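# sequence and predicted structure below; questions after.
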Amino acid sequence: MFNALVLAGTKEKGPLEITANVENKALIIINDRPIIDYIIDALNNSKNIDKVLVVGPKNELFPYIGKKVEEILEPGDSILENMEIGLNYFNSKSNLLLLASDIPLITSQAIDEFINKCIERDAYIGYPIITKDDIVKKYPETIRTYVKMKEGTFCGGNIVFFKPEVFFHKRELIKELYDNRKANWKNAKILGFKFIIKFLFKTLTLDEIEKKVTEIVGYKSVAVKISHPEIMIDLDKPSDLEVIKKYLKKYLY
């Protein structure tokens, strides 16, 4: 069994929060429930998850999810600080699942598929990817950020599998990779000149990426191909909100 850490400590109010009239995306209401509630239910229904911890505003979140999670901890001033708050609470070397708080379409099946594939590959760091074709087939309206590899065109997810020691040993590198998650060329730059060229000419392979990241980080890192697009459908803009509302209503009925 694994612990799960959900980051819901966003303090900045962007276009989406203004549209939804909230200060935190996790509290956007769909079908009379905040979107974080859907994520917590998916985690609690997973066969692999034990404790669920949330880092976010406790007073606002507790009425909705307080009885469903291990604890809600007040956030710090950055995502990196919030990760550290959660890791220090668990104080464990066991594998951890890290999730964003704006992926309400996620399912327990998607979570279990991802975890099981990370375990099969003996990963220290696991990152989900899915083909553009699979995303568009199920969610044709969604607009995602894609990267073209030799094996195909992929989108990355909003969930990460890792061992806590990786975070504490490579804190600044993880921050940089996270900050660049939607600017793929920046992460290609971190990987080196050869990777920039291959990235530009769309000849970079997943195996090359895995080996290079493992070399840089010092821990086995894998890109896990999964079949559930829900891990990738996050809330970044008002158009995302409309797509998610549509499908949550569809699943509800």
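On my side now, so go ahead.

# could I get the full set of helices for the stretch 101-250 of the chain?
108-120, 132-138, 164-169, 171-179, 184-191, 193-200, 206-217, 238-252 (DSSP state H, counting those that start in this stretch).

# packing partners for the second one?
With contacts defined as 3 or more CB pairs under 8 Å, 6 or more residues apart in numbering; DSSP states H and E, helix 132-138 has these neighbours: strand 152-156. The way it works is simple: take the backbone N, C-alpha and C, and place the C-beta from them, glycine included.

# report the buried residues of the strand it packs on.
Of the residues in strand 152-156, Phe154, Cys155, Gly156 count as buried by neighbour count, 16 or more other CB atoms under 10 Å.

# and the gap between the last one and Asp102?
Separation of Gly156 from Asp102 (CB to CB, to the nearest Å) stands at 15 Å.

# do Glu74 as well
Glu74 is 19 Å from Asp102, by CB to CB.

# low-confidence regions, the stretch 1-150 of the chain specifically.
11-20 (pLDDT under 70).

# can you show me the strands along it?
2-7, 29-30, 33-34, 49-55, 71-73, 96-100, 125-131, 147-149 (DSSP state E, counting those that start in this stretch).

# could you dump those strands to a markdown table with distance to Tyr64 and mean neighbour count?
Putting the strands of the stretch 1-150 of the chain into a markdown table (distance: least, CB to CB, whole Å; neighbours: other CB atoms under 10 Å) gives the following:
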| stretch | distance to Tyr64 | mean neighbour count |
| --- | --- | --- |
| strand 2-7 | 13 | 24 |
| strand 29-30 | 9 | 16 |
| strand 33-34 | 5 | 20 |
| strand 49-55 | 10 | 21 |
| strand 71-73 | 10 | 18 |
| strand 96-100 | 16 | 22 |
| strand 125-131 | 26 | 22 |
| strand 147-149 | 35 | 18 |
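
# from the buried residues of strand 152-156, which is closest to Glu208?
Comparing the buried residues of strand 152-156 against Glu208 with CB to CB places Phe154 closest, at 14.0 Å.

# the closest one touches Lys132, doesn't it?
Yes: proximity of Phe154 to Lys132 meets the contact threshold set by CB atoms under 8 Å, at 6.9 Å.

# overlap in contacts of these two?
Counting by CB atoms under 8 Å, 6 or more residues apart in numbering, the contacts common to Phe154 and Lys132 are Tyr146.

# low-confidence ranges in the stretch 151-253 of the chain?
174, 177-201, 251-253.

# more neighbours: Glu74 and Asp102, which one.
For Glu74 versus Asp102, neighbours defined as other CB atoms under 10 Å are more numerous around Asp102 (24 against 12).

# so what's the more buried one closest to, chain neighbours aside?
With sequence-adjacent residues excluded and distances taken as CB to CB, 6 or more residues apart in numbering, Asp102 is closest to Leu235, at 4.0 Å.

# please consider this matter closed, and thank you.
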